[in-house]
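Student: model this:
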Amino acid sequence: MAAEYAAQAEELKALLGLGVEPLAISFVTEASANAPRFGGTRPAPTPDGRTGAVPAGCVFWMKAVDREFATDAADHGNCSVGALTHGFKSVAEAAAGADVAALVAAEWVPPDILPLIPTLKQKPDFVVYGPLKSAARADVVFLRLNGKQLMLLHEAVPELRFEGKPQCHIIPLAKEMGAIAVSTGCMLSRVRTGMGNNEVTCAFPAPRLADVIARLRKAQPADLRVAAYAGEDAKRFSAA
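Tutor: Numbering: from 1, shown residues only. A predicted model of the protein is given here:
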């Protein structure tokens, strides 16, 4: 499977013109020897007990571009919403977080939103992140896209599901519902990850990867033909 993922990752990058490596995300009962722990030091806990390896689980998307690593519940512990979407916390546990209280106080989300957020059905022991090109297994494929890349993906896969905040809930949408889900992003995640203002994210089930690539193979040449036509037609105006 690793060789197949490597070839698919390269084709996906070529078809979409990706500037960021596609990621593989998998949910496992125990970390494999090929996935070392994320590591790092954790800051002192907040008064409500929150700390973690990074400010939020979405930060792992940025870190996993260059290497594969395994994370557990404690690594995800600083962001109550991310811990909820990934099955590490219950709704009641997430609601008790001071970070959730801050989001509600800012009127960013209503107080009754947590039960409506998609989550993983089963709590994983580990979430493994890494480049798709070197993955041995994957449950979810994760992409960072600009506007043009999203345009092409939407042409190829018109049933894309468009979502907003919180950004991380596209992971359970892909894993549990089989959706190809795009998030416009959320301010919480954009600040914590440093994700570019022109980027959006997409998650889809790894078993659908071959189908997505097949559809892109058909959509990309049509876009190139239209680009050539539009460019040639525009020359009439520059010559006028």
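
Student: so where is the protein shaky, pLDDT-wise?
Tutor: 31-33, 240 (pLDDT under 70).

Student: mind listing the helices for it?
Tutor: Using DSSP state H, the helices of the chain run over residues 2-16, 59-63, 80-85, 91-95, 98-105, 147-156, 170-177, 187-193, 209-238.

Student: Name the stretch among those that sits most buried.
Tutor: Stretch with highest mean neighbour count among the helices of the chain: helix 80-85 (a mean of 27; mean count of other C-beta atoms under 10 Å). C-beta coordinates here come from the backbone N, C-alpha and C atoms, glycine included.

Student: which other helices and strands contact that helix?
Tutor: Contacts defined by 3 or more C-beta pairs under 8 Å, 6 or more residues apart in numbering; DSSP states H and E place helix 80-85 against helix 91-95, helix 98-105.

Student: want to throw those into CSV with distance to residue 17?
Tutor: Formatted as CSV, the helices and strands packed on helix 80-85 follow (distance: least, C-beta to C-beta, whole Å):
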stretch, distance to residue 17
helix 91-95, 37
helix 98-105, 35
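
Student: Of these, which is nearest residue 41?
Tutor: helix 98-105 (20.2 Å; C-beta to C-beta).

Student: which residues sit against the closest one?
Tutor: 46-48, 50, 78-81, 94, 109-111, 114, 188 (C-beta atoms under 8 Å, 6 or more residues apart in numbering).

Student: try 6 Å
Tutor: 48, 80, 94, 109, 111 (C-beta atoms under 6 Å, 6 or more residues apart in numbering).

Student: next one: stretch 202-221
Tutor: By C-beta under 6 Å, 6+ apart, stretch 202-221 touches 8, 11, 15, 138-143, 145, 155-157, 170-171, 174, 178, 180-182.

Student: This completes my enquiry, with thanks.
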